[in-house]
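A.B. asks: build me a model:
(2 chains)
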Amino acid sequence: MNKAGERLYNGLIKENPTFVLTLGMCPTLAVTTSAMNGLGMGLTTAAVLACSNLIISLLRRVIPDRVRIPAFIVIIASFVTMMQLLLEAYIPSLNKALGVYIPLIVVNCIILGRAESYAYSNPPIPSLFDGLGMGLGFTFALTCIGAVRELLGTGAVFGTAILPDSFTPIGIFVLAPGAFFVLAALTAIQNAIKIRGRKKGKEYKKLQSGCSEDCMNCSDSGCSRRFYGTEAKDTGVEVTDLEKEG
Amino acid sequence: MRERYKVSSNPHVRSKVSTSGIMMAVIIALLPTTGYGIYHFGIRALFVVLVSVASTVLTEFLFGLYKKKMTITDLSAVVTGLLLALNLPVGIPLWMAALGGVFAILVVKMLFGGLGQNFMNPALAARCFLLISFPARMTDFTYDAFTGATPLAALKAGGNVNIHDMIVGNTQGTIGETSMIAILIGACFLILLGIIDLRIPGSYIVSFLVFVTLFGGHGFDPAYLSAQLAGGGLMLGAFFMATDYVTRPITAKGQYLFGIFLGIMTGIFRIFGPGAEGVSYAIILGNLLVPLIEKVTKPVAFGAGGKSHAK
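C.D. replies: Got it, this is the predicted structure:
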């Protein structure tokens, strides 16, 4: 179970999908007008992410490599449909508030990203916890952004007034530009904390998840780090060809 | 006797023009407008100006302390604060003016790397920030218990305006925008000193007039056109904010393009938009387009490019 705990920590803190990987920006910026919306969006995504990671990991030896993306999309879309029907049935108000962003979870790059970079090449239990960790990290980030925006934009958090009546709400924070300001500020704060931690000797390695730094035996052919760190190859620009053209 | 050589790296020829010198000239050029604003709107306008300037200068000072690189002496924070105050209505709560000043310097200027790196005019960005955040307070032009629409709003609603009052400045509006004469005095000063030229203001105003003539619904009506010219922040924006060195294109061609874009956008905002005014939005939109304009109007180095004669 140690692996599971490590995956949870990875998703929540070390590789927080919003603040560190900056994935899934569209829902992050669009639905975080209040803490409640952020929490709802985050939990919905987390549920889809955990389920889809588990199923994709279970099917990873069945899905042919060449059609894996369509296969992922079908699995994710099934869970999103289920989630939407559940929300419609039990929490219609949240479903209404999030609107089109619920079906759009299908194309949320966090989910596809985790499927591609972790679940497709790892066993089911770690994959499930990877999805849970990432999903909870996303939830945490969205709730934070939503809470700050709601506090500054309306003077309340989760609908309860916090600031005194003399406070004039700064309306821009519940509009689109406010999302950018708050996201940038929170990312800067967490970076500052990490830099301070690094100075004290704590290790925060920036790694692609699930990367063992062994590119030779890695199945992830789309990895951007694939050839990093290897010996520089002799590219051998043909000088003579250039001279001919000149 | 050995000859004395001074060895130094280039550039060897230096201009005497300095950033603080230019900023000082801009401050002097803004004095007539500021003075008229204080005379017209009363002592509260002075407080708004002081709070706004103090907040920008203090923010720059604190950021300089934090970064251990003091840039306060280039006076640009004073210009930003002054321009911001001139863009605010006189009745604005003072803390809002201060918030705008902090936003202008901290978010728009210093976080992007300080003077020269800001991607849009800090004073205008702060004005738009306040306008979006507090629309009610920012469009409340009440002073001396005299309420009424701004000339532009009256014009848009189909009412009549007194063009003489608008040119002198005896109307509603933000602190610095009402008096066309005071703004033009400052602008002439800057043009005579060679600090700004007429490319951007000229192309801005001409293209705006053409747009309003074509789409304003009044045809070529001199009274309507001059009211559009003298009303709102057009003059202040065209001469003092669109010409900001940092956020305007560098080449002459780019500056004409920039001015024409601003004119068209201002026309669209004023005539088809929900509000009566659109100068500030037009200018910050233009600022965002500057990198693209620079790309299109990049001059060809002497000897490079052109048609090749070699066959």
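A.B. asks: hmm, who's touching the helix ranked longest in chain B?
C.D. replies: Ranked by residue count and defined by DSSP state H, the top helix of chain B is helix B:43-67. Helix B:43-67 has contacts (C-beta atoms under 8 Å, 6 or more residues apart in numbering or on different chains) with B:34, B:37-38, B:70-72, B:77-78, B:80-82, B:84-86, B:88, B:90-92, B:94, B:97-102, B:104-106, B:109-110, B:143, B:175. (Each C-beta comes from the backbone N, C-alpha and C, glycine too.)
A.B. asks: mark which of these are buried, thanks.
C.D. replies: Neighbour counting over the contacts of helix B:43-67 (16 or more other C-beta atoms under 10 Å in any protein chain shown) leaves B:34, B:37-38, B:71-72, B:77-78, B:80-82, B:84-86, B:88, B:90, B:92, B:97-101, B:104-106, B:109-110, B:143, B:175 as the buried ones.
A.B. asks: how about the helices in chain A?
C.D. replies: Using DSSP H, helices in chain A cover A:2-9, A:25-31, A:35-58, A:68-90, A:92-98, A:109-117, A:124-154, A:176-199, A:239-245.
A.B. asks: how about the CA coordinates for the first one, as CSV?
C.D. replies: The C-alpha trace of helix A:2-9 is given here as CSV (Å, rounded to 0.1, in the frame of the first residue of the first chain):
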residue,chain,number,x,y,z
ASN,A,2,3.0,2.2,0.2
LYS,A,3,2.8,2.8,-3.5
ALA,A,4,-0.8,3.9,-3.1
GLY,A,5,0.2,6.5,-0.5
GLU,A,6,3.0,7.8,-2.7
ARG,A,7,0.6,8.2,-5.7
LEU,A,8,-1.9,10.1,-3.5
TYR,A,9,0.9,12.4,-2.3
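A.B. asks: run the chain-centre distance for stretch B:278-297.
C.D. replies: From the chain centre to the centre of stretch B:278-297 is a distance of 13 Å (C-alpha atoms, centre = their mean, to the nearest Å).
A.B. asks: wondering if that stretch reaches chain A at all.
C.D. replies: No. Using C-beta under 8 Å from any C-beta of the partner chain, we find that stretch B:278-297 stays clear of chain A, coming within 11.8 Å at best.
A.B. asks: and that stretch, what's buried?
C.D. replies: Of all the residues in stretch B:278-297, those buried under the rule 16+ other C-beta under 10 Å are B:278-287, B:290, B:293, B:297.
A.B. asks: out of the buried ones among the contacts of helix B:43-67, which touch chain A?
C.D. replies: Applying C-beta under 8 Å from any C-beta to these, those adjacent to chain A are B:Leu99.
A.B. asks: what does chain A have sitting close to chain B?
C.D. replies: Counting by C-beta under 8 Å from any C-beta, chain A sits next to chain B at A:Thr168, A:Ile170, A:Gly171, A:Ile172, A:Phe173, A:Leu175, A:Pro177, A:Phe181.
A.B. asks: returning to what we had before: show me the buried residues of stretch B:278-297 that map onto strands.
C.D. replies: If you go by DSSP state E, the buried residues of stretch B:278-297 have nothing in strands.
A.B. asks: just the ones of those residues in helices?
C.D. replies: Using DSSP H, the subset of the buried residues of stretch B:278-297 located in helices is B:Val279, B:Ser280, B:Tyr281, B:Ala282, B:Ile283, B:Ile284, B:Leu285, B:Gly286, B:Asn287, B:Val290, B:Ile293.
A.B. asks: redo those residues as CSV? Include distance to B:Thr213.
C.D. replies: Below are these laid out as CSV (distance: C-beta to C-beta, whole Å):
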residue, distance to B:Thr213
B:Val279, 18
B:Ser280, 23
B:Tyr281, 22
B:Ala282, 18
B:Ile283, 21
B:Ile284, 25
B:Leu285, 22
B:Gly286, 21
B:Asn287, 26
B:Val290, 27
B:Ile293, 25
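A.B. asks: which of those residues lies closest to chain A?
C.D. replies: Nearest to chain A among these: B:Ile284, at 11.8 Å, using C-beta to the nearest C-beta.
A.B. asks: which of the residues of chain A next to chain B are buried? Put it as a ChimeraX command.
C.D. replies: Restricted to buried positions by 16+ other C-beta under 10 Å, the ChimeraX selection for these reads:
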select /A:168,170,171,172,173,181
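A.B. asks: can you pull the contacts of residue 36?
C.D. replies: No chain in the question, so chain A it is. By C-beta under 8 Å, 6+ apart, the residues touching A:Met36 are A:Leu94, A:Ala97, A:Gly146, A:Phe158, A:Gly159.
A.B. asks: I was thinking of chain B, sorry if that wasn't clear
C.D. replies: Neighbouring residues of B:Tyr36 by C-beta under 8 Å, 6+ apart: B:Gly169, B:Thr178, B:Ser179, B:Ala182.
A.B. asks: give me the number of residues near the first one?
C.D. replies: This points to B:Gly169. If you count neighbours by other C-beta atoms under 10 Å in any protein chain shown, B:Gly169 ends up with 21.
A.B. asks: now swap in the last one and tell me
C.D. replies: As a burial measure, the neighbour count of B:Ala182 was computed by other C-beta under 10 Å and equals 24.
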